[in-house]
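*Asks:* Following is a predicted model, sequence given first.
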Amino acid sequence: SGLPNVNICRVGSFMSGIRPLSSGRALAAELLRRKTDVFHGLDGVLPESLDDLHGIMKVVTVNDLSFVSDPDSCGWIRRHISNLHSRHACLAADRIITPLAASAADVVKYYFVPKLRVSCACPYGAVNVPGGFSGDFLETLRTEYGLPEKFVIADCGAGTGAWLAGAAVSLGAEILQIGCRRRRIPGVRRISPAGITEAAAIIGLSQAYLCLAAEPGLQSRMHILCAMHSGVPVLAGPDPSLKELAGDAAVYADPCDCAGTGNVLHSVLSDAHLRAAMSRKGRERVSSFTPDSLAEHLMSVYMDTLA
């Protein structure tokens, strides 16, 4: 775990070396047996069996609430279930951890949680961004997904994406949509990589990654990490969470201003010096997310919660 005197037991997991605790009652009994001080739900969930446990402080990590703020980001059933779990966790937790200040603001806004109970701890130091792909693997992906020589990955609304697709064609590049967002961009081909490894490799082959979605979720932020890790320029919208994540390693544009966004994209694709500077800044930005800083912050949250 990277933290002294901290034991991790993952609920419902059957991974090697980790004891499965699939039953709520079993989890509560195990926590009492171990004389647990803090239970940390890392996946945004706190089992209801812990509600009546006294003496155990409860911490939960809520990555984002895009399923509430952006109804089109997922189906109704998934949105409803995710909202039930997140609402219960936020109201039952003694402390809530979010990766970004924008996510913390959403927790306060949608679940009416006092600001003092919410802390920010960037989790990306614990993320192992895939990289170092072999040439054979990349060539296999090009063939399997029919990737063109020059392409740009886009995560944005239909109107902006359709306009940018035409702008990219004029520069000899194709716009592709990646991931599982329900909004399709007219005239833009969507590909669905099998997992984050393939997604990271495909993003690494692109000329730029555009994240202009109105409500970027965790997947979008992971893709930005992959792009910066591979030295791919990032063009992002004005969402505060994206500025917190990418800092000055990205260039920003208003997705409502199609002409202005097109000009920024033109600069990114045609200016070699700008691309080189963005590539260098992106790699430096990713390297600043370290496991040690995350571990120190989490321990500070635990100690404050117990105080």
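*Replies:* The structure has been received and is ready for your questions. Please read all numbers here as calculations on a predicted model, not as lab measurements. Residues are numbered from 1 along each chain as shown.
*Asks:* In contact with the residue most central in space within the chain, which residues?
*Replies:* Most central in the chain under CA atoms, centre = their mean is Leu218, positioned 2.6 Å from the mean C-alpha point. By CB atoms under 8 Å, 6 or more residues apart in numbering, Leu218 lies in contact with 63-64, 66. Yep, even glycine has a C-beta here, placed from its N, CA and C like the rest.
*Asks:* would Ile96 count as being in a strand?
*Replies:* Yes. Counting by DSSP: H, G, I helix; E, B strand; the rest coil, Ile96 is found in a strand.
*Asks:* Tell me what it is bridged to.
*Replies:* For Ile96, the beta-bridge partners are Val60, Val118 (DSSP bridges).
*Asks:* What's the local residue count around it?
*Replies:* 28 (other CB atoms under 10 Å).
*Asks:* Likewise for Ala201?
*Replies:* Ala201 is flanked by 21 other residues according to other CB under 10 Å.
*Asks:* count of neighbours near the closest residue to it other than its chain neighbours?
*Replies:* Once flanking residues are discounted, Ala201 sits nearest to Phe133: 4.8 Å by CB to CB, 6 or more residues apart in numbering. Using other CB under 10 Å, Phe133 is surrounded by 18 other residues.
*Asks:* related to what we said a few turns ago, and the contacts of Leu218, which is closest to Val108?
*Replies:* Taking CB to CB as the measure, Val108 sits nearest to Asp64 out of the contacts of Leu218, at 13.7 Å.
*Asks:* Pop out the phi and psi values for the closest one.
*Replies:* Main-chain torsions, Asp64, degrees, to the nearest 10: phi -170, psi 160.
*Asks:* That one contacts Gly217, correct?
*Replies:* Yes. Contact criterion CB atoms under 8 Å: Asp64 and Gly217 qualify, at 5.5 Å.
*Asks:* quick one, which of those two is more surrounded?
*Replies:* The neighbour comparison of Asp64 against Gly217 (other CB under 10 Å) goes to Asp64, with 26 against 21.
*Asks:* The more buried one and Phe289, how far apart?
*Replies:* Taking CB to CB, to the nearest Å as the measure, Asp64 falls 17 Å from Phe289.
*Asks:* what are the ranges of the helices in the stretch 51-200 of the chain?
*Replies:* For the stretch 51-200 of the chain, the helices defined by DSSP state H, counting those that start in this stretch cover 66-69, 76-92, 101-111, 135-145, 158-170, 196-205.
*Asks:* export those to a markdown table and tack on mean pLDDT and distance to His229?
*Replies:* Formatted as a markdown table, the helices of the stretch 51-200 of the chain follow (pLDDT from 0 to 100; distance: least, CB to CB, whole Å):
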| stretch | mean pLDDT | distance to His229 |
| --- | --- | --- |
| helix 66-69 | 81 | 22 |
| helix 76-92 | 90 | 28 |
| helix 101-111 | 89 | 21 |
| helix 135-145 | 92 | 15 |
| helix 158-170 | 66 | 23 |
| helix 196-205 | 91 | 7 |
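*Asks:* so which of these comes closest to Gly187?
*Replies:* Closest approach to Gly187 among those (CB to CB): helix 158-170, 5.6 Å.
*Asks:* Would you mind writing the CA trace of stretch 281-292 as CSV?
*Replies:* Output of stretch 281-292 as CSV, limited to C-alpha atoms (Å, rounded to 0.1, in the frame of the first residue of the first chain):
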residue,chain,number,x,y,z
LYS,A,281,5.6,19.7,-20.8
GLY,A,282,3.2,16.7,-20.9
ARG,A,283,5.8,14.2,-19.9
GLU,A,284,7.0,16.5,-17.1
ARG,A,285,3.5,17.0,-15.8
VAL,A,286,2.9,13.2,-15.6
SER,A,287,6.2,12.7,-13.8
SER,A,288,5.0,15.0,-11.1
PHE,A,289,2.3,12.6,-10.0
THR,A,290,4.2,10.4,-7.6
PRO,A,291,3.0,7.5,-5.3
ASP,A,292,4.9,9.0,-2.4
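*Asks:* What does the residue nearest to Ala201 show for phi and psi?
*Replies:* According to degrees, to the nearest 10, Phe133 has phi -80, psi 140.
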